[in-house]
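Participant: how does the following fold in three dimensions:
(chains A, B, C and D)
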Protein chains: 2
Amino acid sequence: MAERKRQLVADELRDAALMLLATRGFDVVTVDDIVAAAGMSRRTFFRYFASKEDVVVRFLADMGADIVAELAARPRAEPPSVALRHAVWVPLAACTDHADHAERARVVVRLILDTPALQARWLERQIQWRAGLAAELAARHGLDPDTDPYPRMAAGMALLAFDTVLQQWQAGDDDQHLAELTDRAFAVVAPALDAPTA
Amino acid sequence: MAERKRQLVADELRDAALMLLATRGFDVVTVDDIVAAAGMSRRTFFRYFASKEDVVVRFLADMGADIVAELAARPRAEPPSVALRHAVWVPLAACTDHADHAERARVVVRLILDTPALQARWLERQIQWRAGLAAELAARHGLDPDTDPYPRMAAGMALLAFDTVLQQWQAGDDDQHLAELTDRAFAVVAPALDAPTA
DNA sequence: CTACTGGTGGCACTGTGTGTCAAGGCGTGC
DNA sequence: GCACGCCTTGACACACAGTGCCACCAGTAG
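Facilitator: Numbering: from 1, shown residues only, chains lettered A, B, ... in the order given. Modelled structure (predicted):
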């Protein structure tokens, strides 16, 4: 009940913010502009979002937890390239399902990729995901995450593929199939992910 | 003459900043603290450095250009894993040469890796390096950087190895040999870098 | 001596993000 | 109905980053 109300306020704020930021640009829009559009006070905004960047990045925030969870759920016998491909696919799948959510996500991705401040936050977030993935990979393969570079780098390669897919998807005018882009990206890193020396 | 003076002022500011930031922590030290220690005005600080983060990141800024230049200088017949290993090694070599510079660099790396704001700037910088490396790789192999994911991902993998080496070097109490760490990191990604499908 | 130049400090301003406090809706027990 | 906490909100003040502007103070050429 109270939880619903909170979510409602957060959505209102987020919608107003994304609308303004995407159309006018990240730097020129101030928090005052956003709260004026949403009809709330500045202080309330910062109660729901840690920063102006946070409004945008949060839109894609849960992805990281989803990716790690999916990796943990994959059968351990699966080769790393396959397990990681499935893990990374989870958030991407949400974009292919209904075109409504897809177009919204595309705008956000586009905004992030060509705003340095947002890109920095985005990468910061990815670092945390990488740590989670690396820990899971280390546990999977019985490796020491402190001395063996494989878990960290395998996680990094998976996210690199993720990034590359998003970049190509956002840049393409036509609706390139995300699945195909993902396959091509993972084909590049698969030899390293599945190398026997790992 | 005037150029020397400028460099002197910049060095003074940088030294004071690094000293304070490394010992007390990035967030708690204000620009006022730094300029007070250096005996200059706040306004002067921002004439030499674009931001507080900039003081730290600039210390490692030229690395990117060095990496790209070295890659361009490698013979084109060389397999990508070897050429990229040499390219990435250039900035790392500076740390092995004289221990004086090494310990200083280590402090800076440590500061960057456990300060989120600095890590974000650091990654932001790496994104630019990756673009440069990707362009060079695309030219090297006659690939289209817009459609083929290989150049971007190969560049990303090289920088991922670079990051991993720095992380392990900074974490290790003992003086692990950078060359060995680099070899191990590149051994992981080499199968993907040199895969024939590229 | 005067005029120009480049670096500097002081000042005011915008914008982000935080701490604090008073006021208002809301459910619960009396 | 009424008083009591509980939570949310808005408002004000504040610290800090970063920028624009202007006056000042070298040195230097005319």
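
Participant: going by C-alpha atoms from here, please, whenever you check contacts or count neighbours.
Facilitator: Will do.

Participant: so what's A:Ala22 up against?
Facilitator: Taking C-alpha atoms under 8 Å, 6 or more residues apart in numbering or on different chains as the criterion, A:Ala22 is in contact with A:107-108, A:111.

Participant: distance between the helix or strand harbouring it and the chain's centre?
Facilitator: Taking DSSP states H and E as the criterion, A:Ala22 maps to helix A:2-24. When C-alpha coordinates are averaged (C-alpha atoms, centre = their mean, to the nearest Å), helix A:2-24 and its chain have centres 19 Å apart.

Participant: can you tell me the SS state at A:Phe26?
Facilitator: coil (DSSP: H, G, I helix; E, B strand; the rest coil).

Participant: isn't it right up against A:Pro116?
Facilitator: No: distance between A:Phe26 and A:Pro116: 9.7 Å, which falls outside the contact criterion (C-alpha atoms under 8 Å).

Participant: now do the helices in chain A.
Facilitator: A:2-24, A:31-38, A:42-48, A:52-58, A:63-73, A:80-97, A:99-113, A:116-141, A:150-171, A:178-193 (DSSP state H).

Participant: hmm, back to that, among the contacts of A:Ala22, which one has the most neighbours?
Facilitator: The most crowded member of those, judged by other C-alpha atoms under 10 Å in any protein chain shown, is A:Leu111 (21 neighbours).

Participant: between A:Phe26 and A:Pro116, which one's more packed in?
Facilitator: Neighbours per residue, other C-alpha under 10 Å: of A:Phe26 and A:Pro116, the larger number sits with A:Phe26, 22 against 17.

Participant: now that one: how far from chain B?
Facilitator: Separation of A:Phe26 from chain B (C-alpha to the nearest C-alpha, to the nearest Å): 17 Å.

Participant: burial measure for A:Trp47, as a count.
Facilitator: One correction, residue A:47 is Arg, not Trp. Around A:Arg47 sit 10 other residues, with neighbours defined as other C-alpha under 10 Å.

Participant: and it, how far is that from DNA strand D?
Facilitator: When distances are taken as C-alpha to the nearest atom of the strand, to the nearest Å, A:Arg47 and DNA strand D turn out to be 7 Å apart.

Participant: got the contact list for the helix or strand of chain A with the lowest mean pLDDT?
Facilitator: Of all regular secondary-structure elements in chain A, judged by mean pLDDT, DSSP states H and E, the least confident is helix A:99-113 with a mean of 84. With contacts defined as C-alpha under 8 Å, 6+ apart, helix A:99-113 is touched by A:18, A:22, A:26, A:56, A:94-96, A:118-119, A:122, A:166-167, A:170.

Participant: then that helix to CSV, C-alphas only?
Facilitator: Included here for helix A:99-113 are C-alpha records, laid out as CSV according to Å, rounded to 0.1, in the frame of the first residue of the first chain:
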residue,chain,number,x,y,z
ALA,A,99,8.5,-3.3,-28.7
ASP,A,100,7.2,-0.7,-26.3
HIS,A,101,9.8,-1.5,-23.7
ALA,A,102,12.4,-2.0,-26.4
GLU,A,103,12.1,1.5,-27.8
ARG,A,104,12.3,3.0,-24.4
ALA,A,105,15.4,1.0,-23.5
ARG,A,106,16.9,2.1,-26.8
VAL,A,107,16.5,5.7,-26.0
VAL,A,108,18.1,5.2,-22.6
VAL,A,109,21.0,3.2,-24.0
ARG,A,110,21.5,5.9,-26.6
LEU,A,111,21.5,8.6,-24.0
ILE,A,112,24.0,6.7,-21.8
LEU,A,113,26.4,6.0,-24.6
